[in-house]
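K.L.:
sequence and predicted model, in that order:
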Amino acid sequence: MSGSRGLMLADVLEAISRQELSPTVKRDMASALRKVGSLLGRSLQEIPADPARLNARFQSIVPSVHGISQQRWANVRSLTLKAIGLVRPVMPGRRMNTMTSAWQVILDRVESQSARFRLGPLCRFLSEEGIEPAAVTTDHLLGYRDRLLNESIRSKPELTWDSLLWQWNKAVREIEGFPQVIIERAQRRERKTLDEAEFLPSLLADRDAWLDRLQGESFLDEGPIHAVSSSTRKTRAYQVHYFASASVRAGIDVGSLKSLADLVADDNFEKVMRYIFDDQSRKKSSHLAGIGGAMIAIARHWVLPKSGLSDIECQTILSRMRFIVSRVSPEQDGLTEKNHERLMQFESDEAIGRFLNLPDTLRAEIDKNKLPISQKHAVADVVLALEIMLVAPVRMKNLIGIRIDKHLVRYRDGYMLVFEKAEVKNKTRLQFKLPQPTCEVIDWYLKSIRSERVKGDTDALFLGEDGIQPKAQSSLANQLSKKVYEKTGLKFNAHLIRHVTSFLYLNEVPGGHHVLRLVLGHKSVDMLQRAYTGAETKSAHHHFDGVIRGLRDRHAQPAKRGRPPKSESLDQVRARQTGFLPDHGRLKKRGD
C-alpha cells in the first residue's frame with residue numbers, strides 16, 4: 001500500500017485480488033474501478049480512494065453522454081464504494097440492518113411517506129450504533145453528517161443532509177416522543193430585505209399607489225400607455241422593497257422613509273446605490289441596474305411631477321441619477337455571459353443532434369412501458385414541451401398556460417397555436433401552424449398521457465397533480481432542465497430554448513433576423529441583432545469563404561495543354577546566347 005501519497009484506486013484494485021471474495025465479485029469490482037478511470041480520463045494511480053473527493057468528480061459525469069445507462073452507472077458507483085471499503089471506512093449507500101423497536105415505533109408516528117423515507121437511513125444508522133431515541137445527542141447527529149459528507153458517494157450529499165435536517169427538526173416539533181434535539185439549518189443565503197411591518201404605513205401606501213398606477217387600476221389616472229402585467233408589478237414591488245431595506249442597512253433611519261420621495265432623494269439615492277454596489281463586492285450587475293432603473297422611473301413619473309421643481313431642475317436630478325446607475329450597470333450588448341457560455345455547448349454537431357432528437361428519444365422510453373406512472377407523466381410533459389418549443393419558441397409562461405381550443409386550436413389538417421396580444425409579454429399576437437410531426441406528438445399526448453391524468457372539467461394542456469389545475473411553471477422548468485442534462489449532458493434552462501433555436505437558425509441562415517423577429521414575436525429587429533450579435537459569425541465566415549473560393553475557381557486561368565517548358569539554369573541561358581560554355585571553351589558543332 002502507498003504511504004504519504006495516500007490511497008489510490010490502484011491500491012484498491014490490488015487489495016481486491018487479496019480478498020477472499022468470489023471470482024464474480026472480484027471481477028465486478030475491478031470492472032467498476034476501470035470504468036471509473038475511463039470515465040474520468042485518468043489512470044487508477046492518479047485517482048484518490050477518497051469518497052468525498054471522488055464524489056465531487058462524479059458530479060460532472062453524465063452517463064448518457066458516455067453511452068451507459070443510469071442503472072449501469074449506479075452499479076459502478078455502488079461497486080466502487082464497496083471496493084474502497086476494503087481499504088478504508090466508508091458509509092454504505094443503503095443500510096439493510098434492522099431498526100430497533102424503539103426507533104420503529106417513533107418512525108411509524110411520522111405520517112408523511114417522504115419524511116419516513118428521509119429519516120429512515122438515520123434511524124437505521126443510530127440503531128446500528130446502539131443509540132436509542134432517549135440517548136440521542138447533537139454529537140450523534142453531527143457524526144452522521146460528517147460520515148455522509150466524507151465517506152459516501154451520494155449525489156449531492158449536502159442537499160441530502162439539509163433535507164434530512166429539515167424533516168428531523170419538523171418531527172421534533174410535531175411527533176410525540178421524538179428525540180428533543182434540534183440542529184439549526186445553515187442559511188443558504190443572507191437575507192437582504194426587512195419585513196414589511198418594519199416600514200411606515202405611509203411608505204407602503206405610497207408604494208401601492210405607484211404600483212396601481214403602473215397597472216392602470218384607475219382609468220382616470222395618468223399612467224403608462226400599456227399597463228404592466230401582474231408579474232411586472234411583483235418585480236417592481238420587490239425592487240422598491242429591496243431598495244428600502246438597503247436604505248436602512250446603509251444607515252438611514254427607517255422612520256425617515258415616509259414616502260417614495262424619501263427613497264429617491266438625491267443624497268439617499270447615491271448613498272444607497274453605493275452601499276449596494278459595495279455589498280456586491282463592487283461588481284456591476286443587471287440586478288443592481290434594474291433596481292436603479294426602477295428608482296429613476298419612480299422619480300420621473302411619480303415624485304418629481306409633484307415636487308414643484310422646474311423642468312431644468314428635474315432634468316438635472318434625473319441626469320445625476322442616470323449617471324449613478326450607469327456606473328453600476330454592466331457593459332452588455334446582447335446575451336449575458338452565462339447564456340453565451342451555454343450556447344457554446346451547441347457548437348458540436350453531436351450535441352445538437354442529441355438535443356434536437358431528445359423528444360423522440362424520451363418518447364421511445366415511454367413507449368417501452370417500463371417507467372413508473374408518475375415518472376411516465378413527468379417525462380411525457382418534457383417530451384411535449386420540447387416538441388412544441390422547438391417549432392414554436394414561446395415563453396414558459398405562455399407554454400404552461402396553453403388551453404385546449406383556446407390556444408391549441410384544432411383544424412382539419414392539424415393544430416394552430418395562437419396567443420392574443422394581451423397574453424404575450426410584448427403585446428404582440430403570436431400564431432404558429434404546427435408541423436405534422438408535432439401534431440402527431442400532441443395527439444399521442446392527449447390520448448395516451450393526458451387522458452390518464454385528467455380528473456375533472458379542465459381545458460389545461462399541462463395538468464398538475466390534482467388533474468384539474470395547470471401544472472406549476474417552476475415544476476415543468478425544473479423537469480426540463482434535469483431531463484435535458486441527464487440525457488445530453490447540456491446545462492440548460494427552459495428560457496434558453498429560445499436562444500438555442502435562434503442560434504441554430506442564424507448559424508444556418510446568416511442574417512436571418514427578420515424571420516426570427518416574426519417567429520419570436522419581437523417588434524423590432526434591432527433588439528435581435530444586438531442580442532445575437534456574433535451568433536451567425538461562424539456560418540457567415542463559412543459562407544463568405546465558400547463564395548470567394550467559388551469565384552477563384554470560376555476565374556482561374558485554364559492550364560495549357562502539353563508538357564510544361566523545362567526551366568533553364570543561368571549557365572544554360574548564357575551558353576545559348578553566346579555559344580560558349582562558361583569554363584570549357586567554344587561549343588562543338590554537330591558533325592565536327
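P.N.:
Everything's here; your move.

K.L.:
centre of the chain to stretch 330-350, how far?
P.N.:
Centre-to-centre, stretch 330-350 and its host chain are 12 Å apart (Cα atoms, centre = their mean, to the nearest Å).

K.L.:
measure that stretch end to end?
P.N.:
34 Å (Cα to Cα, to the nearest Å).

K.L.:
report the buried residues of that stretch.
P.N.:
Buried residues in stretch 330-350, defined by neighbour count with 16 or more other Cβ atoms under 10 Å: 334-335, 339, 342-343, 345-346. C-betas here are computed from N, CA, C, even on glycine.

K.L.:
could you verify that residue 142 is part of a helix?
P.N.:
Yes. The assignment for residue 142 by DSSP: H, G, I helix; E, B strand; the rest coil puts it in a helix.

K.L.:
isn't residue 497 up against residue 389?
P.N.:
Yes. Using Cβ atoms under 8 Å, residue 497 is in contact with residue 389, at 4.8 Å.

K.L.:
low-confidence ranges, this structure, go.
P.N.:
Scanning the chain for pLDDT under 70 picks out the ranges 1-5, 187-189, 217-225, 332-334, 527, 529-542, 559-592.

K.L.:
ok so, going back, from the buried residues of stretch 330-350, which is closest to residue 549?
P.N.:
Lowest distance from residue 549 to these (Cβ to Cβ) belongs to residue 346, with 26.3 Å.

K.L.:
and residue 156, backbone torsions?
P.N.:
When read as degrees, to the nearest 10, the backbone of residue 156 gives phi 60, psi 60.

K.L.:
so who does it touch?
P.N.:
Taking Cβ atoms under 8 Å, 6 or more residues apart in numbering as the criterion, residue 156 is in contact with residue 59.

K.L.:
quick one: contacts for residue 140?
P.N.:
Shown in contact with residue 140 (Cβ under 8 Å, 6+ apart): 126, 129, 131.

K.L.:
and the closest residue to residue 302 other than its chain neighbours, what element?
P.N.:
Distances taken as Cβ to Cβ, 6 or more residues apart in numbering put residue 210 closest to residue 302, at 5.3 Å, once the chain neighbours are dropped. Using DSSP states H and E, residue 210 sits within helix 201-214.

K.L.:
after that helix, which helix or strand is next?
P.N.:
Counting by DSSP H and E, what follows helix 201-214 is helix 230-249.

K.L.:
which phi and psi does residue 413 have?
P.N.:
According to degrees, to the nearest 10, residue 413 has phi -100, psi 0.

K.L.:
tell me who's in contact with it.
P.N.:
Neighbour list for residue 413: residue 436 [criterion: Cβ under 8 Å, 6+ apart].

K.L.:
ok, residue 88 touching residue 7?
P.N.:
Yes. Between residue 88 and residue 7 there is a contact at 6.3 Å, judged by Cβ under 8 Å.

K.L.:
how far off centre is the helix or strand hosting residue 504?
P.N.:
Residue 504 belongs to helix 496-508 when assigned by DSSP H and E. In terms of Cα atoms, centre = their mean, the centre of helix 496-508 is found 16 Å from the chain centre.

K.L.:
and for stretch 389-406?
P.N.:
Centroid displacement of stretch 389-406 relative to its chain, using Cα atoms, centre = their mean, is 20 Å.

K.L.:
can you give me the strands for the stretch 401-550 of the chain?
P.N.:
Ranges of strands within the stretch 401-550 of the chain are 408-411, 414-419, 430-433, based on DSSP state E, counting those that start in this stretch.

K.L.:
can you lay out these as JSON lines showing distance to residue 515 and mean neighbour count?
P.N.:
What follows is those, written out as JSON lines (distance: least, Cβ to Cβ, whole Å; neighbours: other Cβ atoms under 10 Å):
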{"stretch": "strand 408-411", "distance to residue 515": "23", "mean neighbour count": "13"}
{"stretch": "strand 414-419", "distance to residue 515": "18", "mean neighbour count": "18"}
{"stretch": "strand 430-433", "distance to residue 515": "13", "mean neighbour count": "16"}
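
K.L.:
could those strands go into TSV alongside distance to residue 460?
P.N.:
Output for those, formatted as TSV (distance: least, Cβ to Cβ, whole Å):
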stretch	distance to residue 460
strand 408-411	11
strand 414-419	15
strand 430-433	19
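
K.L.:
next, show the common contact partners of residue 88 and residue 7.
P.N.:
Taking Cβ under 8 Å, 6+ apart as the contact rule, residue 88 and residue 7 both touch residue 49.

K.L.:
returning to what we had before: list the buried residues for the helix holding residue 504?
P.N.:
By 16+ other Cβ under 10 Å, the buried positions in helix 496-508 come out as 496-507.

K.L.:
tell me how this structure divides into domains.
P.N.:
Residue ranges for the domains of the chain, per automatic domain parsing: 9-84, 101-174, 196-328, 345-531.

K.L.:
can those domains go into CSV with extra columns for distance to residue 547?
P.N.:
Listed next are those as CSV, based on distance: least, Cβ to Cβ, whole Å:
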stretch, distance to residue 547
domain 9-84, 37
domain 101-174, 51
domain 196-328, 39
domain 345-531, 12
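
K.L.:
which of these sits closest to residue 545?
P.N.:
Comparing the domains of the chain by Cβ to Cβ, domain 345-531 comes nearest, at 12.2 Å.

K.L.:
any idea how far that closest one is from the chain center?
P.N.:
Counting by Cα atoms, centre = their mean, domain 345-531 comes out at 16 Å from the chain centroid.

K.L.:
same check on stretch 98-106?
P.N.:
The answer for stretch 98-106 is 41 Å, by Cα atoms, centre = their mean.

K.L.:
neighbouring contacts of it?
P.N.:
Residues contacting stretch 98-106 (Cβ under 8 Å, 6+ apart): 107, 120, 123-124, 126-127, 132-134, 175, 177-178.

K.L.:
can you list the residues you listed in JSON lines and add distance to residue 250 and neighbour count?
P.N.:
Shown next, in JSON lines, are those (distance: Cβ to Cβ, whole Å; neighbours: other Cβ atoms under 10 Å):
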{"residue": "107", "distance to residue 250": "49", "neighbour count": "20"}
{"residue": "120", "distance to residue 250": "48", "neighbour count": "16"}
{"residue": "123", "distance to residue 250": "48", "neighbour count": "20"}
{"residue": "124", "distance to residue 250": "51", "neighbour count": "19"}
{"residue": "126", "distance to residue 250": "48", "neighbour count": "23"}
{"residue": "127", "distance to residue 250": "53", "neighbour count": "20"}
{"residue": "132", "distance to residue 250": "52", "neighbour count": "13"}
{"residue": "133", "distance to residue 250": "49", "neighbour count": "19"}
{"residue": "134", "distance to residue 250": "50", "neighbour count": "9"}
{"residue": "175", "distance to residue 250": "44", "neighbour count": "16"}
{"residue": "177", "distance to residue 250": "49", "neighbour count": "11"}
{"residue": "178", "distance to residue 250": "44", "neighbour count": "19"}
